[in-house]
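A.B. asks: Structure here, sequence nowhere to be found:
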């Protein structure tokens, strides 16, 4: 079947797609938090290997990425000393992400039928988005940034690399 580029999403529902966009952004921001935990664990593992003067036998990012979100939280918990509420908030984020992934659409299907309830769904998802963004920033401040700095990687160099990658991607268009 050929893709219709004028209307590429064949199964787009008749309802206002805003709730679907909000859901997608909520899941994206949850995945961003999860990726931050993966980075934190990889940095920590590299740092420990350096301290112990040993060579890692596996890619630390791949190893961390094989863990579930819940296991990542458990592994990062000891590294959250500067933000003692972070482990509990991360545990709540895992529960919410799992609810969004596995039950949200089943539980909320009746609310998709009318404009008012759909607006409440969008507001609920907007709260999730805000929560995940804030949590991601907290993970960066408490765990990722210190781990990078301990390895000698500056935030400025990381941001410069990001800007270069962004420029390269924009020029590829």
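C.D. replies: Yep, it's here. This structure is a prediction, so every number in the text was calculated from the model and none was measured. Numbers count the residues shown, from 1 in each chain.
A.B. asks: Kindly list the longest helix within the chain.
C.D. replies: helix 18-51 (DSSP state H).
A.B. asks: okay, which residue is most central for this structure?
C.D. replies: residue 32 (1.7 Å; C-alpha atoms, centre = their mean).
A.B. asks: out of everything not next to it in sequence, what's closest to that one?
C.D. replies: Nearest residue to residue 32 in three dimensions, chain neighbours excluded: residue 136, at 5.2 Å (C-beta to C-beta, 6 or more residues apart in numbering). For glycine as for every other residue, the C-beta is placed from the backbone atoms N, C-alpha and C.
A.B. asks: who touches that neighbour in this structure?
C.D. replies: 29, 32-33, 36 (C-beta atoms under 8 Å, 6 or more residues apart in numbering).
A.B. asks: from the residues you listed, which is closest to residue 127?
C.D. replies: For the contacts of residue 136, the residue nearest residue 127 by C-beta to C-beta is residue 29; the value is 11.4 Å.
A.B. asks: wait, isn't that closest one in contact with residue 134?
C.D. replies: No: Residue 29 lies out of contact with residue 134 (C-beta atoms under 8 Å); the separation is 9.6 Å.
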